[in-house]
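**Student:** Turn this into a structure:
(2 chains)
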Protein chains: 2
Amino acid sequence: MKVLLIGVGGVGEAIASIADKRDFLEMMVLADYNLNRAKEVQAKLGNPEKYPVEQVDARDGKQIQELVKKYGVNIVVNGCEPAFNESIFDAAFEAGCNYMDMAMTLSHPHPEAPYEKSHVKLGDYQFERAQKWEDKGLLALVGSGVEPGMADVFARYAHDHLFDEIDEIGIRDGNNLQVEGYTVPFGFSIWTTIEECLNPPVIWERDKGWYTTEPFSGEEIFDLPEVGPVEMVNVEHEEVLLVPRYLDKGLKRVTFKFGLGRDFITMLKNLQELGLASTEKVKVNGVEVSPRDVVAATAPNPAYIGPKMTGKTVAGTWVTGRKDGLDREIYLYQVADNQECMKIYNSQAVVAQTAFPPVLMMELLAKGLWKATGVQGPEFFPPEPFMELMAAYDFPYGLQERDSAYKEAQKA
Amino acid sequence: MKVLLIGVGGVGEAIASIADKRDFLEMMVLADYNLNRAKEVQAKLGNPEKYPVEQVDARDGKQIQELVKKYGVNIVVNGCEPAFNESIFDAAFEAGCNYMDMAMTLSHPHPEAPYEKSHVKLGDYQFERAQKWEDKGLLALVGSGVEPGMADVFARYAHDHLFDEIDEIGIRDGNNLQVEGYTVPFGFSIWTTIEECLNPPVIWERDKGWYTTEPFSGEEIFDLPEVGPVEMVNVEHEEVLLVPRYLDKGLKRVTFKFGLGRDFITMLKNLQELGLASTEKVKVNGVEVSPRDVVAATAPNPAYIGPKMTGKTVAGTWVTGRKDGLDREIYLYQVADNQECMKIYNSQAVVAQTAFPPVLMMELLAKGLWKATGVQGPEFFPPEPFMELMAAYDFPYGLQERDSAYKEAQKA
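**Tutor:** Residues are numbered from 1 along each chain as shown, chains lettered A, B, ... in the order given. I've put the predicted structure just below:
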């Protein structure tokens, strides 16, 4: 498989180094706006022929199309901030190439009732173009990181194998990561974290469809395996948009909650109050900048804080419903330990955990185990080959049978 | 008196509107980088001949000199962020004109021991040039706002009239201001607040001279008249540099503490950790900006939050020592009520309180009650005429006799 990777940030670098250990990859073009950054990653990989570098402006579809042609790649993998999604997604289509991303196109809040009603939703731009992709025989595999991505595979697995009837599918993510010297470190893309956390969170319910709430709503304590109880809040995330498109069995509700922590929430609220979360350009001493871009440029880079970080991060899918006539509650999850991720992949846990699923999915596509056309979320595909390969990628999954009638019956 | 006001921000506007009510002012040229802002203030004042507007770049000394000549002004009043102090101070000197500012030239931390040793101190640049000003027969009245400014006048008054021997002079500032809809509002210049609060606080002691500590050190509860107990911390401020130059009577220690509040301290620490307090330019999408300038541009403008604000702010000088052989502790203070300031001056309390002392001092200079050459802090001048005029400016002072042997003796 020949891959064109657009955007070689923390996740991009981890994608390349994880893929480097597998046998399906023929070539991965490392294309970034910052050519020196691409060269830095190329040098670490130590195989410049397999990993050529290119300078690219992700907003310039023509440049992307030319790179697709120049290298004859099979798939364009989008490793950029989601603000660039439309242009990369469209460029892959124009170039007649398959596409994969880890975050879907962005939402736009409802102009009158931003914290009540959905308006333009995550991925709407992409799903509206599904028929065109279908007609051209191309695949856009959207939301293919860990969350969305692995979490959606877990949802499909739980749906197919663990439940007869489903009430709620809730993605639950949290950690006990600590970074020496920092009280409010960004563990993942700064731009995307702000976007996710301050956008109106989206919830799906069978009777209401998609709707939104206030940021940081829905506080709950969720007890995570290997980490313990974590305070979580609603966050806008792709799984809430993807799961109801593919899964049913009576599904009543889909949510996403993230364990941000009190200090981090305060920091984000302050950024918002100070106007620093905004993406709208402001004039500062004669130049125009987006305040959020400034934060992303100045805050400690999550790609470089790995060595100072300790602890574990847990991503997973919590499902409630019934099996064999008994109430059942499960959590299908993956625990990434930061020091292990640093040792194996030289990448911090959150970044490595986001990077392994797209590589695994590329491998499944390369081997013909996953096949599709159109615009598809990970729920579309058989979950078993993905889950079987996870351990070989050093990211094994766990299945927690949580206290329920079903668990009691199993014990007996 | 003819005044050239450089910088017509919140404080600049308040200076003009307070001066407008007094009879000493012949003309005040409103000069700002943003000509529309100057015109906005001119329109509010409603007397364009008395308040001509000019566009000026405060970094460009030549432009300032030309304006001094064009209008034949008696004094240049610096209403800009202190980052521009050197250029305005030097331009006034070159133009042969008196000068006044409300914040002195900036400090530079010690390269090896920033939180132990002083290095370049507040106002060093100005006091190093004192002889040149003296020789030319010009006055630079530095630190002439409320703090520094009024607080220094209070220190001189306490020194002259209330104590035989002094132990400590500590400026203490706090408030119970609330702004509807905001949890961490900047009540005063955003740029300067960040500068003051994150710079190493400076302390003076007779035995050690000037030295620095960690930001937010020296936490204490200070009970403020009309406001109540407020949690205060050390903050870098000019009074600590000015008071020991002029006052003695055995003075052992000079400090400045400000009641920032827990939430505001957290916000400032976060800004620092995220790199947003820095003034060093960073490259963001092809343009270069200073992150702190971005914060100053995006955060809710303290000049415009006045109508949403309620509460009181207290500035003052706390002195301990002995009088007539008895221990004495006093607090000389000024309480500004926000709603009253909005009503009288259409300006929020912190801004109005900063703006009245320079106007009062201009009046004293205009009337010959204050006279000097060289570079001088407010301690140089007789405090009585200042304090006598305060009530006429609607900013009366209070004297609190705090629990001490002296107070007990007075009661008896």
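
**Student:** Within range of chain B, give me the residues from the stretch 251-400 of chain A.
**Tutor:** When proximity is defined as Cβ under 8 Å from any Cβ of the partner chain, the stretch 251-400 of chain A approaches chain B at A:263, A:266-267, A:269-270, A:273-276, A:278, A:282-285, A:287-291, A:293-295, A:297-300. (Glycine included, C-beta is placed from N, CA and C.)

**Student:** got the contact list for A:Ile18?
**Tutor:** Residues in contact with A:Ile18, defined by Cβ atoms under 8 Å, 6 or more residues apart in numbering or on different chains, are A:Tyr345, A:Ala352, A:Ala355, A:Phe356, A:Val359, A:Tyr393.

**Student:** is it true that it lies in a strand?
**Tutor:** No. Secondary structure of A:Ile18, determined by DSSP: H, G, I helix; E, B strand; the rest coil: helix, with no strand assignment.

**Student:** Need the nearest residue in space to it, chain neighbours excluded.
**Tutor:** The spatially closest residue to A:Ile18, leaving aside those adjacent along the chain, is A:Val359, at 4.7 Å (Cβ to Cβ, 6 or more residues apart in numbering or on different chains).

**Student:** Check whether the one you found really touches A:Asp23, as I assumed.
**Tutor:** No. At 12.0 Å, A:Val359 and A:Asp23 do not qualify as touching, with contact defined as Cβ atoms under 8 Å.

**Student:** Now do the SS call for the residue of the stretch 51-200 of chain A found nearest chain B.
**Tutor:** When distances are taken as Cβ to the nearest Cβ, the stretch 51-200 of chain A reaches nearest to chain B at A:Val184, 5.5 Å away. Classification of A:Val184 by three-state DSSP places it in coil.

**Student:** how far away is it from A:Leu326?
**Tutor:** In this view, A:Val184 and A:Leu326 are 43 Å apart by Cβ to Cβ, to the nearest Å.

**Student:** neighbour count winner among the two?
**Tutor:** Between A:Val184 and A:Leu326, counted using other Cβ atoms under 10 Å in any protein chain shown, the more crowded position is A:Val184 (21 against 14).

**Student:** contacting residues for that one?
**Tutor:** Counting by Cβ under 8 Å, 6+ apart, A:Val184 touches A:Asp263, A:Phe264, A:Met267, B:Asn270, B:Glu273, B:Leu274.

**Student:** All the helices of the stretch 1-150 of chain A, residue numbers only.
**Tutor:** For the stretch 1-150 of chain A, the helices identified by DSSP state H, counting those that start in this stretch occupy A:10-19, A:35-45, A:61-71, A:85-94, A:124-127, A:130-136, A:150-157, in order along the chain.

**Student:** Only the buried residues of the fourth one, if you could.
**Tutor:** Judged by neighbour count using 16 or more other Cβ atoms under 10 Å in any protein chain shown, the buried positions of helix A:85-94 are A:Asn85, A:Glu86, A:Ser87, A:Ile88, A:Phe89, A:Asp90, A:Ala91, A:Ala92, A:Phe93.

**Student:** How about the fourth one: what's its closest non-neighbour residue?
**Tutor:** In space, not counting the residues next to it along the chain, A:Ile88 is nearest to A:Asn78; the distance is 4.6 Å by Cβ to Cβ, 6+ apart.

**Student:** Just give me the neighbour total for that neighbour.
**Tutor:** Other residues lying near A:Asn78 total 29 when counted by other Cβ under 10 Å.

**Student:** which residues does it form a beta bridge with?
**Tutor:** With DSSP bridges as the criterion, A:Asn78 is bridged to A:Ile6, A:Asp101.
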